[in-house]
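Trainee: sequence? don't have it. structure:
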């Protein structure tokens, strides 16, 4: 351990513009989180188990008994269900982002980051970008499973891909909610449960698993305006998975689901990114 | 001209706790200030303010000539922080950790990689460079954490209890690194609960308790305030206490304290080693058999107890960790 200090060759630090620095720093942090995901693969694997379980359970247990549109056929339900499961799965990115940020706080890494001359939002942006990669991976695997058990799309590839793009955007938006939760709670465990609990009512009081037209009036209105429902409805249209005899509700987000899905996701990102970055600035372990 | 670290009237409250209650600091360039105090005294809060992590309620601070409150981002380019908990990513390798920190200090990727390699070499981590930090021992993690704080060779360093929880060998190693760093011109603010550590490393010491600086000066000045040297004698047999006492009375400058059960006599003296030699000869001439004798100067422990009325808590790391965490919770609640 000699000559710690005689380092005349420490290079000049770059002076980047605010945007350049923000992008560069976010990518450094995203890379770090992706390395972690590769080295802790069980997190990715467990993230896959639940949606696969849901696909199988809903398809085979409820399949023949849930009426969607005018049809009780299990094939119609299978196709109806998938958009809902996909959308629910991407929102689970919330828990991952929350737990990751809470863990960084807990371990003192956030303190280290905050003492560095890096862009303020980069730690959070880097995390949500890494989550986006994980979400995409999860969707690929899940779509494969869905294809195996008989899910099919009936639209052109461009529309199908647009559907998946909306799902990714929704997942990205929800990981910002997760980041905010991670900054508020004290432990990674609390962030995981805090990130998941409210997702169940949110995703169940929606059109994800049942035809909202058959819900009691109050629940039906909530379901139709639920941000989550817009993406589900958009994906059903883009995948050609609307069941025969399905009556599209009159609510605006259901009539314009693609636009509504984009608006909701963008609004969530804008609101929660602002809140989370503000919170980060004063965050303490 | 103010020093490399300068603070005036820092106040920070968390709820009804005044963590900092008007703290002034001035650390001349190239020197080490030891911030000494018990748990919850405000040491960590002071470091957090000076490293831009929290904003004080009032007061001002200048680090490396830059105003901490007005220009925190510039300050961050000029400081290194090594915290109480080794803040490294345990799933990244040592190399990846240092490279990441370098890039976030705004180095180019190639420069950051090169610098990481140099630091790993210098901190005896080259062999473990490509293992995840999870596999490192406590001492290795501290070294990695310190290396991360030194990526840009910052002119001003902050170390918050750098050796808490380390075994003596690792502590010694870390001290050597710190001494070398300071010899190279780095200004350092170091918090510690280990009085020995402050004594060993710091040029100047600030004793802080309940958010206030209660004493400052060099280690010798603080010791002098507490009182001068004394001779301590342990005699071999209980019946030698009497004769030893009468010998010591001729040399002593104050009252002789006697602990019967340990057969120990203590007396304040002046005259140093020369006097000690005389006392030994005289005791010998009186046929007193000595088990132990020595000239004792007050330790920083004595200083601490006389200043605060309570001993510094040494080595209770678990307790310390929970106190600092509580401090964090308070900070967050505001």
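Mentor: Done, it's in. Just so you know, these numbers come straight off a predicted model, no measurement behind them.

Trainee: In this structure residue A:219 contacts residue A:206, no?
Mentor: No: using CB atoms under 8 Å, residue A:219 is not in contact with residue A:206, being 9.7 Å away. Every C-beta, even on glycine, is put in place using the N, C-alpha and C of the backbone.

Trainee: is it true that residue B:293 lies in a strand?
Mentor: Yes: judged by DSSP: H, G, I helix; E, B strand; the rest coil, residue B:293 forms part of a strand.

Trainee: returning to what we had before: overlap in contacts, residue A:219 and residue A:206.
Mentor: residue A:212 (CB atoms under 8 Å, 6 or more residues apart in numbering or on different chains).

Trainee: tell me the domain ranges of chain B?
Mentor: Domain assignment of chain B by automatic domain parsing yields the ranges B:5-224+B:310-333, B:229-296.

Trainee: Could you say which one of the ones you listed comes nearest to chain A?
Mentor: Each of those has some distance to chain A by CB to the nearest CB; the shortest is domain B:5-224+B:310-333, at 2.8 Å.

Trainee: Show me how far that closest one is from its chain's centre.
Mentor: 10 Å (CA atoms, centre = their mean, to the nearest Å).

Trainee: So what touches stretch B:289-299?
Mentor: Here stretch B:289-299 makes contact (CB under 8 Å, 6+ apart) with B:195, B:199, B:223, B:226-237, B:240, B:263, B:266, B:269, B:272-273, B:275-276, B:279-280, B:283-284.

Trainee: Name only those of those that count as buried.
Mentor: With burial judged by 16 or more other CB atoms under 10 Å in any protein chain shown, the buried subset of the contacts of stretch B:289-299 is B:195, B:199, B:223, B:226, B:229-231, B:233, B:235, B:240, B:263, B:266, B:269, B:276, B:279, B:283.

Trainee: Using pLDDT, spot the least trustworthy of these.
Mentor: Within those, the minimum per-residue pLDDT falls on residue B:226 (71).

Trainee: what about the closest residue to residue A:47 other than its chain neighbours, neighbour count?
Mentor: Distances taken as CB to CB, 6 or more residues apart in numbering or on different chains place residue A:138 nearest to residue A:47, at 5.8 Å, with adjacent residues excluded. Neighbour count for residue A:138, taken as other CB atoms under 10 Å in any protein chain shown: 21.

Trainee: Return the set of buried residues in the host helix or strand of residue A:138.
Mentor: Residue A:138 belongs to helix A:122-148 when assigned by DSSP states H and E. Under the neighbour-count criterion of 16+ other CB under 10 Å, helix A:122-148 has A:122-132, A:134-135, A:138-139, A:141-143, A:145-146 buried.

Trainee: if I pick residue 29, what's in contact with it?
Mentor: Because you didn't say which chain, this covers chain A. Residue A:29 is in contact with A:113, A:122, A:123, A:125, A:126, A:127, A:130, B:100, B:104, counting by CB under 8 Å, 6+ apart.

Trainee: Switch to chain B, please.
Mentor: Residue B:29 makes contact with B:3, B:4, B:155, B:185, B:187, according to CB under 8 Å, 6+ apart.

Trainee: for it, helix, strand, or coil?
Mentor: Following three-state DSSP, the label given to residue B:29 is coil.

Trainee: From what I see, residue B:218 and residue B:205 are in contact.
Mentor: Yes: with contact defined as CB under 8 Å, residue B:218 counts as touching residue B:205 (7.0 Å).

Trainee: Who has more neighbours out of the two?
Mentor: Set residue B:218 next to residue B:205 and count neighbours by other CB under 10 Å: residue B:205 wins out with 26 against 12.

Trainee: for the strand or helix carrying residue B:220, which positions count as buried?
Mentor: Element membership for residue B:220 (DSSP H and E) is helix B:219-226. By 16+ other CB under 10 Å, the buried positions in helix B:219-226 come out as B:219, B:222, B:223, B:226.

Trainee: now stretch B:283-303
Mentor: Across stretch B:283-303, burial judged by 16+ other CB under 10 Å covers B:283, B:288, B:293, B:298, B:300, B:302, B:303.

Trainee: Nearest to residue A:95 among those residues?
Mentor: Nearest to residue A:95 out of the buried residues of stretch B:283-303 is residue B:300 (CB to CB; 49.0 Å).

Trainee: now the end-to-end length of stretch A:246-263.
Mentor: Using CA to CA, to the nearest Å, the gap from the first to the last residue of stretch A:246-263 comes to 24 Å.

Trainee: what's around residue B:261, how many residues?
Mentor: Using other CB under 10 Å, residue B:261 has 6 neighbouring residues.

Trainee: ditto for residue A:154
Mentor: Should you count by other CB under 10 Å, residue A:154 turns out to have 11 residues around it.

Trainee: per-residue confidence at the spatially most central residue of chain A?
Mentor: Computing the C-alpha centroid of chain A and ranking residues by CA atoms, centre = their mean puts residue A:171 first, at 2.0 Å. Looking at residue A:171, its pLDDT is 96.

Trainee: Cool, thanks, talk later.
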